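# Next come a sequence and a model predicted from it.
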Amino acid sequence: MNINLQTKIILSISLVLFTSCTNYNDYIITKQYNKDGVIDKKSNIIIKHKYNKIYPFNNKGFAIVNGYNNKFGIIDINDNIKLDIIYDKIGLFYNGFASVKLNGKYGLINENIRVVLKPQFDQIEDFINKTTIVKYNNKVGCINKDMQVKLEPKFNAIYPSSTNFRKILLDSKWGIIDENCNMLIYPKYDYIEDFFDGMAIVKNKNNIFKINTKGEILQ
């Protein structure tokens, strides 16, 4: 084996050991000495290798980073910090929002990387349509995209549904809300089956009957 070939092999091994790449338009996320940074296609350093992890940039040029003390934040391609690197967890964006976790509590940021809901809940689900379910002190409620509380977190459970109606449970009594968390039937029945063709079978004490979506008893 000649010296030139040996040199090429050594360089190739070095690149494998110290540099891993993920393309993002004209930029490349690279790893050196176990730290992530960003270079352009001409190998100019755009972001120094100082982060534990840089996740892929989105179409707005923002990326989640794992930085100091294993905390998470968000930067842009010029390494401007858009969201302070203080969070325990940052979720993926879904329907315009991503959850952030700080000191055991969850809040929300929007796609402009603005904190629209300070961390205060024990759990936040993804937005479905215009609302999402939140959990606090083992009770669940509902907020909308304007961060307005539609249902105070006092219910035992809110169940998903393939229809526009969701069952809610409060102190062993069942009720119904719509997809926007508007209360349609306050929990008062022993059990409610899922709606089908605008009707649901309910049980209350020893009685079994049908109701419509307004809670009216059908004959």
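On my side now, so go ahead. Computed from a prediction, not measured in an experiment: that's the story for all the values here.
# gap between stretch 29-46 and the chain center?
Relative to its chain's centre, stretch 29-46 lies at 28 Å (Cα atoms, centre = their mean, to the nearest Å).
# Endpoints of that stretch, how far apart?
10 Å (Cα to Cα, to the nearest Å).
# same question for it, mean pLDDT?
Averaging pLDDT along stretch 29-46 yields 94.
# Give the buried residues for that stretch.
In terms of neighbour count (16 or more other Cβ atoms under 10 Å), stretch 29-46 has its buried residues at 29-31, 36-39, 46. Every C-beta, even on glycine, is put in place using the N, C-alpha and C of the backbone.
# Repeat that for stretch 179-189.
181, 185, 187, 189.
# Identify all contacting residues around it.
With contacts defined as Cβ atoms under 8 Å, 6 or more residues apart in numbering, stretch 179-189 is touched by 128-131, 142, 144, 150-151, 155, 164-166, 168-171, 173-178, 192, 202-204, 211, 213-215.
# With only the CA atoms kept, save it in CSV.
Extracted C-alpha coordinates of stretch 179-189, given in CSV (Å, rounded to 0.1, in the frame of the first residue of the first chain):
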residue,chain,number,x,y,z
GLU,A,179,-64.7,19.1,19.6
ASN,A,180,-64.1,22.7,20.8
CYS,A,181,-64.6,21.7,24.5
ASN,A,182,-68.0,23.4,24.8
MET,A,183,-70.1,21.7,27.4
LEU,A,184,-73.1,20.0,25.8
ILE,A,185,-74.2,17.7,28.7
TYR,A,186,-72.8,18.3,32.1
PRO,A,187,-71.7,15.0,33.8
LYS,A,188,-74.8,13.5,35.4
TYR,A,189,-75.3,10.1,33.9
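# State the mean pLDDT of that stretch.
For stretch 179-189, the per-residue pLDDT averages 92.
# from here on, count from 2
I'll keep to 2 as the first residue from here, and by that count the last item is stretch 180-190.
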